[in-house]
Structures are given as structure tokens and as C-alpha cells.
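> Sequence first, predicted coordinates after that:
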Amino acid sequence: MTINKYIILALSILTFAGCSSDDDFSQEQSRLPLTFETSLSGSRSVTRAVGGSFDTGDKLLCYVRHIYSTDLSTDKNYLEVDPYKKLVTIIDGEPTEELYWDDFSDNNSDGHYLRTANHALQSFYGYCYNGGEPTTALVNATGILGWTTDNDQTTDGDMKKNDLLWSPAQNPVTYVHAKENREGLSIPYTHAMSKFTIVVVAGEGFEATDLNAATVTLKDMNKVGTFTAPTSTVVATGTTEVKMYANATDTEKSSRAYEAVSVPLVSLTKDKLLATINNVDGNNYDIILTDDILKDWAKGIDNEKSQSGINYKLTITLKKQAITVVATLADWTDVSATGTGEINFTADVKTIDKVNDTSLKGGDSFSLWRTADKKNFGAIATTAEYDGSKFVNTPAIYWANGSTSYYFRALAKKTDSKTLDAVTTFEANQDIDLLWGTTAAHKGYLADNTEVPYAEGAAINPRTGNVPLVFKHAMSKVVISLETTNDASAVDLTGAKVTLTSLANEGTIDLESGVVTASTTKVEEAINASTSFDNLIMVPQTIGNDAKLIITLDDNGTTYSLQLNQCTDGTGTAITTWTGGNKYTYTISLKKEQIQFRALVQDWVSNNGSGNATLDWD
């Protein structure tokens, strides 16, 4: 509380013999200086909108009037004739004119003499303009004025100009000349306006510097107020947005405080949009009043409205929306994960048509890339690891803002112990079940239940819901199944060996498309297996004419051979290419070659014969 005492002395001082300068004047002294005691803010625990004391240039107004009543505590009638009431102006600690008690009295007029019983002076009301001016002129007799909330308080000093202080009618003070009993007029000023303070904290995903360009705007603030200081009442009309003043960013606390004042009686109800926070590293947020906020503010709310002299303070911690995924593996194994978000976006996907899969194990992981430009995915954005219930990103990644959409791609491999094992390079090697992930075709449902279709591989808009990834096998799967007959032509397949020749066993994967390009180098024996050839992971490639499928029996070397690109599918079409994600099953039926005879009868002189055997394939 700041207290300033203003004592108005007479221009001339009568000197009395035997009295020092500290002695009181005699009862016959006709002019007693009128003392004003102004304070901010009386008994109310409020602080000034700017600073905690009166500042240079503040205009303090006090309407003083002469009261006459048989009971000064209840019946405050006052004389309706001049000069018994006056609007006193105090600037920079000094009143603009000298005043005395007797300036509000007439000792020559019966019933108007201040020094008689049942007469007193009263501070009827007070105002402090703080550098601003009323929009409707003050009516001296009633203490009514109009005050308007500026919709832009972003410049230093704007908020102070909007901050109106007032003082209600005070108890009357009777004239007492004796120094030890003397009283002045006490004028406590409080805030006529409501103040809002929003402290924005840069939380997870943000840096303190992200607040430097951020702005906060109050919504549906009251525009115009008619203030009646004597009774501390106000009538509000009209609404406006108010751009708040931004204090300097506190880098140590990663926070920034925003302040503004408004005509009181602002509606404060659940689900009301109180303010918007814009451009926090490109992100925008809405501040919605909740039951918890209103509960904390309960002492300052009456009839669901803001009150004069109350500072409604709210701390908002912002978090970027973490990116979470639902992952599914096409064809061979299905896996998935879900996550939750912290904030809502304009086009917010609440749910998607994907579910979790029980085949996931703790420690399963994949590498994730993201980009706004699918021609340049750059470095790995994060590694997602399954913790037993959801995927956790290390490091955490966030939506940059509420409008930038991203393309997502991922790489992993399937092993004997893991459904997904993160892969960090673009190499594609034979026998490695390389998995390529892209955004799945799915349906999203906005907050208003509008259904939104998303094509596979398309850019995904910011959301609190999951980004669904579908993992596909980038390699080709080859199954070779050997059969024989159940009659005398059957061959013994025990220990049979399968060899695939002149094939590429390595290549590279294109992250954007998921297509594997095989190396131009071919190996003489890409596959040479005698125990397992029913789940061969091969590099997708074009099968050349020199590629062979050779079967060698364990019977001293019986060999069957065929040209690989002449094998046909169920429609009779030759399989000349292995494509990623496809499984190719070659069923080879083997049987002994039947002995066939051809006889020729010639003359006695010469006879010769020949025979041949052929291998039949089913």
C-alpha cells in the first residue's frame, strides 16, 4: 500500500505570541488546512495493473461534499448549494488548488456552518485515470463516467492507460480543530477494471525462444462500461477482442507473462473460449475455461462474471503434439501400436480404423523418417520402441504446428526374436526380411464426426490421434517345394539340395517408394541349401536367362535342372521378375525317368540301335 499525504497550508500564517511553529492554532483560527490521505488500495489485496504505487502524471480526482445529517453514519444528506461540494484534482503529489475546511462552509448562513453539530465533510467518490481519459465525461454530481476497453494493449503503457482506479463513498469526517484529534479525508483507491494475466510456459517440445514471437488475445471481453464510483457499480455493454501486453521472456523459467485489463462483468463460464495463443513456433492454441480454472478463480467470480479489482491469473504450459503411430505389417504378420495426444488441432483425427495386435513384443522397434517434402526425407527423425503397450519415440517428435502435414516412412527387419527390429541403412540383403513402412490407407473421424479418407502414403495432417503405418515386405519370398510320386517312379528326396544360380543377393531400397533396386552383380550360387528352402528371402529383381534352379539328389549325383524364368504361374505366364512383398512358390514334381525302347530291324549285314530318356515335369 502506498500512502501520500497532501496538506494544504494557508498562503499566510498568523503568528501568535508565545506559540512556536509546532503549536496548534487557537480555536479562533478561521482557516484550517484540509488534509487528504490517498492510498492504493485500501484494505483490498489487489495490485496495480502497472507497478504498485501512484506514478508521475497520474490524475487523482476526489469529489468532496459538505454533509448535514442528524445521524452521519446512516443518513448522508448533503447541501445542494455551492460552494459546499467540489471536485478536487491532485497531480504528482500536489493538489491543483489550496483548500481549507471552511471552503466547504458558510458561517454566515444558518444551517451551513461546518463547525456546528451534525455537519461534516465526505469524500463522495474518487477516480484515478492513469493517463487515460473517460470516453463519456464524468458527471460531477453523481460520479458517473464512461470507460472503454482498448482492443490493443500490446504497446508499453497501453495497459496502464486502460486501468481505471476508483474510490467509493467514504464515511464523513467532522471538523475538529484540536491537533491531537484532527482527521483528514481518507480516500482509498481500488481497481475499477478486471485484469487478466496469462503466463505461458514453453513445455515439452519447445524452447524459451519459441515464445519471442508468440501473441495472446483475450476473447469476448467487455467493451464499454458505465462506472458509478460512489456505489462501486458498473454496467457493461458490447464485446471486443483484446491483444495482451507481452512482458519479456523469462529464459530461466522458459515462460512469458501477458497482461491486459477489461471492463468488468466479463462472462466466465465453463467451456468459454477465454483466449488464443498464436505463433508459438508456428503452433496455435485455444484456452478454454474448465471447472478446475473456475474453481481456482471462485473468490473473484460473482454470478459467473468477473469483478472489479480482481487479477485473474492463469499459467498455461504448452506442449507440442507428440507424434504417435499405429503400425501394421502386411501379409505375413500384423502389428500395431496406439498413443494419445495433448492438444487439439483444427482438423483433428480423433479415431482411426486400426487396432492393436498381440504379436508385438517389448523391445520391438523401427526407424522413422518424416518430411514435408517427400523428395527429401533427410536423416532419421526418431526410433520408435514398443514398451509392452505402446511405441515410445526416442527422441520425442512433434507436429511443427497446426497446419504442416508430413509424409512418414519407416524401416525395420523381422528376425526370429523380434517382429520389428529397427534398420538404419537403405541396404537390402538376401536372407534379411526387410520391412518398409508408409502411412496406411485409412479413415479418420474429425471432432465433429466427419469421416475423412486418407490414401496410402499420403501426407498426414496434424492430429492428436495416431499416424497409422503399414509395414510391407520389401523383399521377395521364394518357396521351393519338392514332390515325388507314390509308385515305382518315386525318387528319394531325402538330402536333396536346391541351388539357385546367377542372381543378385543385395540391393538398395528407395525410402519414398519402398522399391528395392537389385545390384547388377550376380553371384554364381545365390542359394545352396540342403535342409531348408521353403522360406527364402530374396532380393527383388529381373530373372535372367542364365538363372537356373538345380535340384541334386543324394544318390551319387542325380541332377535336375530348369531355366528359372521359364517357370509359369497358374495362368501359364512365365515368372520373369520377383517383386517386393510377393511370395513365389515353385512346386517341383520329380520322378524317375521311365525306360523306353525303340527297335529297328535291318538286314544281316548291319544293325545298330539307339535310345533316349526324357525328364517329365508336372
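Received the coordinates, thanks.

> report the longest strand in the protein, please.
strand 215-228 (DSSP state E).

> Now do the buried residues in it.
Neighbour counts over strand 215-228 (16 or more other Cβ atoms under 10 Å) mark 216-228 as buried. Quick note: C-beta positions are derived from backbone N, CA and C, even for glycine.

> What helices and strands are in contact with that strand?
Packing contacts for strand 215-228, counted by 3 or more Cβ pairs under 8 Å, 6 or more residues apart in numbering; DSSP states H and E, involve strand 144-148, strand 194-202, strand 233-243, strand 255-262, strand 273-280.

> Using JSON lines, please lay out the buried residues of strand 215-228 together with distance to residue 73 and pLDDT.
As requested, those are exported to JSON lines (distance: Cβ to Cβ, whole Å; pLDDT from 0 to 100):
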{"residue": "216", "distance to residue 73": "47", "pLDDT": "96"}
{"residue": "217", "distance to residue 73": "48", "pLDDT": "97"}
{"residue": "218", "distance to residue 73": "42", "pLDDT": "97"}
{"residue": "219", "distance to residue 73": "45", "pLDDT": "97"}
{"residue": "220", "distance to residue 73": "42", "pLDDT": "96"}
{"residue": "221", "distance to residue 73": "39", "pLDDT": "97"}
{"residue": "222", "distance to residue 73": "35", "pLDDT": "97"}
{"residue": "223", "distance to residue 73": "39", "pLDDT": "97"}
{"residue": "224", "distance to residue 73": "36", "pLDDT": "97"}
{"residue": "225", "distance to residue 73": "31", "pLDDT": "97"}
{"residue": "226", "distance to residue 73": "29", "pLDDT": "97"}
{"residue": "227", "distance to residue 73": "26", "pLDDT": "98"}
{"residue": "228", "distance to residue 73": "22", "pLDDT": "97"}
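
> tell me the strands in the stretch 251-400 of the chain, going along the chain?
255-262, 273-280, 283-288, 301-302, 305-306, 311-318, 325-329, 351-352, 365-371, 382-386, 391-394 (DSSP state E, counting those that start in this stretch).

> so what strands line up beside the fourth one?
For strand 301-302, the paired strands and their directions (DSSP bridges) are strand 305-306 (antiparallel).

> Mind listing residues that contact the strand it pairs with?
For strand 305-306, contacts defined as Cβ atoms under 8 Å, 6 or more residues apart in numbering pick out 194, 262, 264-268, 300, 312.

> 6 Å instead, please
Identification of contacts with strand 305-306 by Cβ atoms under 6 Å, 6 or more residues apart in numbering yields 194, 264-266, 268.

> And stretch 273-282, by the same measure?
Against stretch 273-282 from outside (Cβ under 6 Å, 6+ apart): 210, 213-219, 284-287, 289, 318, 400-401.

> For that stretch, buried residues please.
For stretch 273-282, by 16+ other Cβ under 10 Å, it's 274-275, 277, 280-281.

> repeat for stretch 194-213
194-202, 205-206, 208, 210-211.

> Out of the residues you listed, which comes closest to residue 161?
Of all the buried residues of stretch 194-213, residue 161 sits closest to residue 195, with 13.7 Å by Cβ to Cβ.

> Let's see the pLDDT reported for the closest one.
With respect to pLDDT, residue 195 has a value of 90.

> wait, doesn't it sit right on residue 313?
No. With contacts counted by Cβ atoms under 6 Å, residue 195 stays clear of residue 313, the gap being 8.6 Å.

> Tabulate the helices and strands packed on strand 215-228 in TSV, adding columns for distance to residue 165.
Formatted as TSV, those follow (distance: least, Cβ to Cβ, whole Å):
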stretch	distance to residue 165
strand 144-148	11
strand 194-202	12
strand 233-243	13
strand 255-262	11
strand 273-280	25
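
> list the helices and strands the helix or strand where residue 452 lies packs on?
Assigned by DSSP states H and E, residue 452 falls within strand 451-454. The elements that strand 451-454 packs onto, with contact taken as 3 or more Cβ pairs under 6 Å, 6 or more residues apart in numbering; DSSP states H and E, are strand 442-445.

> With adjacent residues omitted, what lies nearest to residue 559?
Leaving aside its sequence neighbours, residue 559 sits nearest to residue 552 (Cβ to Cβ, 6 or more residues apart in numbering; 5.0 Å).

> Look up how far residue 369 lies from that neighbour.
Separation of residue 552 from residue 369 (Cβ to Cβ, to the nearest Å): 45 Å.

> Can you pick out the most distant pair from the contacts of stretch 273-282?
289 and 400 (27.7 Å).

> Now the closest residue to residue 483 other than its chain neighbours, what are its backbone angles?
Nearest non-adjacent residue to residue 483, counting by Cβ to Cβ, 6+ apart: residue 589, 4.5 Å away. When read as degrees, to the nearest 10, the backbone of residue 589 gives phi -100, psi 120.

> when you give positions from now on, start the count at 529
New numbering, starting at 529: the last item is residue 1117.

> Can you get me a residue count around residue 1027?
19 (other Cβ atoms under 10 Å).

> before we move on, what SS does it have?
Of the three states, residue 1027 takes strand under DSSP: H, G, I helix; E, B strand; the rest coil.

> What helix or strand is the closest residue to it other than its chain neighbours located in?
In this structure, residue 1027 finds its nearest non-sequential neighbour in residue 1078, 4.3 Å apart by Cβ to Cβ, 6+ apart. For residue 1078, the element it lies in under DSSP H and E is strand 1076-1080.

> Give the buried residues for that strand.
Neighbour-count burial for strand 1076-1080 [16+ other Cβ under 10 Å]: 1077-1080.

> which strands and helices sit next to that strand?
Packed against strand 1076-1080 by the contact rule (3+ Cβ pairs under 6 Å, 6+ apart) you find strand 1025-1031, strand 1087-1091.

> Might you calculate how far the last one sits from the centre of the chain?
The reference is to strand 1087-1091. Offset of strand 1087-1091 from its chain centre (Cα atoms, centre = their mean, to the nearest Å): 65 Å.

> ok, the helix or strand that that strand is followed by: who's next to it in the sheet?
Sequence order places strand 1105-1106 as the next helix or strand after strand 1087-1091, per DSSP H and E. Strand 1105-1106 has the following strand partners under DSSP bridges: strand 1069-1070 (antiparallel).

> gap between residue 1081 and residue 1023?
Taking Cβ to Cβ as the measure, residue 1081 falls 8 Å from residue 1023.

> And for residue 773?
87 Å.

> So which of the two has more stuff around it?
Higher neighbour count among residue 773 and residue 1023: residue 773, with 23 against 11, using other Cβ under 10 Å.

> Using a markdown table, lay out the buried residues of stretch 801-810 together with distance to residue 589 and pLDDT.
Listed next are the buried residues of stretch 801-810 as a markdown table, based on distance: Cβ to Cβ, whole Å; pLDDT from 0 to 100:
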| residue | distance to residue 589 | pLDDT |
| --- | --- | --- |
| 802 | 33 | 94 |
| 803 | 33 | 93 |
| 805 | 38 | 91 |
| 808 | 42 | 88 |
| 809 | 46 | 86 |
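
> Got the domain ranges for the protein?
Domain ranges of the chain: 530-719, 722-846, 853-1001, 1004-1118, per automatic domain parsing.

> what stretches of the stretch 529-678 of the chain score poorly on pLDDT?
529-558, 569-581, 585, 608-611, 620-622, 638 (pLDDT under 70).

> Recalculate using a threshold of 80.
For the stretch 529-678 of the chain, applying pLDDT under 80 flags the ranges 529-559, 561, 563-587, 598, 600-604, 606-611, 618-623, 635-639.

> For it, which segments are assigned as strands?
530-535, 563-568, 587-596, 613-619, 622-623, 647-656, 664-667, 672-676.

> which other residues reach the helix or strand that comes right after the last one?
Meaning strand 672-676. Downstream of strand 672-676, the first helix or strand assigned by DSSP H and E is helix 686-690. Helix 686-690 has contacts (Cβ under 6 Å, 6+ apart) with 577-578, 658-660, 678, 681, 773, 787, 789.

> can we see that at 10 Å?
576-579, 583, 585-586, 657-661, 675-678, 680-681, 683, 721, 723, 770-773, 787-791 (Cβ atoms under 10 Å, 6 or more residues apart in numbering).
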